[in-house]
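**Q** Predicted model and sequence follow; I will ask about them next.
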Amino acid sequence: MPVVSGSSGRDLAVSLAGIMGMEYVDLESRKFPDGEGYVRVPSDSFELVRSEPVILVSNTYPDSGIMRTILLLEAISDVRKGDLSNYKGLEPQKLDDVGPGIYLAIPYYGYARQDKRFSPGEAVSARVIAEIMGSRCDGIVILDLHEPKVLDGLGVPVRFVSSMPEIADLLGREGSPDFILSPDKGAISRASEVAELMGSEFSYLEKTRIDAHTIEHTPKDLDVEGKVVAIVDDMISTGGTICRASDALRRQGATAVFAACTHGLFTGGALSKLANHVDGVFTTDSLPNPRAVVSAAPALARGLEDLIE
């Protein structure tokens, strides 16, 4: 069974293929000078792509990643259907349809936080994108989706997987935290999973407004005096919440504060800010970034094995 990717996610796809004992196939993926995307399944890979089910590894971030993923799914589908008609007239132009068997593995699902309609007239973008992808494949695996409920009832099977076991292993080797904290109550399931794997206590940070300009972050039911703390979340974007929480934890006596997440977006100079507030930052390689020290491949492999069995 081949694992394929375009230019985005190539290293992760190679790792995934190795873990699953499969062959990696590099698809053509580039941009024209005007910014439009181009994709192609190389002709020397037709037989492999048609002989067994195919796993495509591709992110839906940034926006160009969404279009790249759609085009790659379409190109793979055409090859499997045997629709090879082309302007150059190269043969073969038609082969037998080999049937379904396209699976999409998404390391980072772009638009994940647009999972609700806050005002009338808005699109629930996370759902729209999934429906487009789902119409072109036979199953999807998504790593640490912000809110899985948004994809309830999708037309194809979906598996949601987590890199928290790998993050727990990394924290145990690098930070040895006494407590695992979630930045808010809504994300506590990730903190609890890491804490259980490490045998640590866990809680979440409560936000208490001190005055019109100040919000204090306090661990719910935990005393961090003299303790090492790790804040765990699905993603870090600007890093503002982590920085404020770390400062509050230090004021409350924490001796060290680490931050760990699955998806390191690090927008707006976030890494520079974080360097002044935490003792270490760890992420998976779901997105390329300087703090990607945990492989997302094992989690994706778990989901794919469950989906395809």
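**A** Looks like it arrived, so ask away. Numbering: from 1, shown residues only.
**Q** quick one: low-confidence parts of the stretch 101-250 of the chain?
**A** Along the stretch 101-250 of the chain, segments meeting pLDDT under 70 span 207-217, 221.
**Q** Tell me where it has helices.
**A** Assigned by DSSP state H, counting those that start in this stretch, the stretch 101-250 of the chain shows helices spanning 125-134, 164-174, 188-198, 240-251.
**Q** Out of the ones you listed, which is closest to Gly303?
**A** Evaluated over the helices of the stretch 101-250 of the chain, closeness to Gly303 peaks at helix 164-174, with 12.7 Å, by Cβ to Cβ. All C-beta atoms are positioned from the backbone trio N, CA, C, and that covers glycine.
**Q** Centre of the chain to that closest one, how far?
**A** Mean C-alpha position of helix 164-174 versus that of the full chain (Cα atoms, centre = their mean, to the nearest Å) differs by 17 Å.
**Q** Outside of it itself, list whatever touches it.
**A** With contacts defined as Cβ atoms under 8 Å, 6 or more residues apart in numbering, helix 164-174 is touched by 144, 177, 180, 190, 193-194, 197-198, 230, 232, 258, 260-262, 280, 282, 284, 293-296, 298-299.
**Q** quick one: contacts for the residue minimising distance to the centre of the chain?
**A** Centroid check for the chain by Cα atoms, centre = their mean gives Tyr108 as the closest residue, at 2.6 Å. Contacts for Tyr108 (Cβ under 8 Å, 6+ apart) come out as Asn59, Thr60, Tyr61, Leu143, His263, Ser286, Leu287.
**Q** If you tally nearby residues, what's the number for the last one?
**A** This means Leu287. 22 (other Cβ atoms under 10 Å).
**Q** now the fifth one
**A** By the other Cβ under 10 Å criterion, the neighbourhood of His263 contains 28 residues.
**Q** who's in contact with the residue nearest to it when sequence neighbours are not counted?
**A** Leaving aside its sequence neighbours, His263 sits nearest to Met235 (Cβ to Cβ, 6 or more residues apart in numbering; 3.9 Å). Residues near Met235 by Cβ under 8 Å, 6+ apart: Ala112, Asp144, His146, Cys261, Thr262, His263, Gly264, Leu265.
**Q** Pick the one among those closest to Gly6.
**A** His263 (19.4 Å).
**Q** To which secondary structure element type does the closest one belong?
**A** strand (DSSP: H, G, I helix; E, B strand; the rest coil).
**Q** is it true that it touches Ile142?
**A** No: using Cβ atoms under 8 Å, His263 is not in contact with Ile142; the gap is 11.3 Å.
**Q** Count the neighbours of Glu225 for me.
**A** 9.
**Q** For the spatially closest residue to it that is not a sequence neighbour, give me its contacts.
**A** Leaving aside its chain neighbours, Glu225 sits nearest to Gly253 (3.5 Å; criterion: Cβ to Cβ, 6+ apart). Contacts for Gly253 (Cβ under 8 Å, 6+ apart) come out as Asp223, Val224, Glu225, Gly226, Lys227.
**Q** Tell me the secondary structure at Gly253.
**A** Gly253 ends up coil, using three-state DSSP.
**Q** And the pLDDT at it?
**A** Gly253 is assigned 93 on the pLDDT scale.
**Q** Start at 50, not 1
**A** Let's use 50 as the start, then, which means that last one is Gly302.
**Q** in whichever helix in the chain runs longest, what's buried?
**A** Looking across the chain with DSSP state H, the single longest helix is helix 112-130. Using 16 or more other Cβ atoms under 10 Å as the burial criterion, the residues of helix 112-130 that qualify are 113-115, 117-122, 124-126, 128-129.
**Q** Tell me what angle it forms with helix 174-183.
**A** Comparing the axes of helix 112-130 and helix 174-183 via axes from the mean of the first three to the mean of the last three Cα atoms, to 10 degrees yields an angle of 20 degrees.
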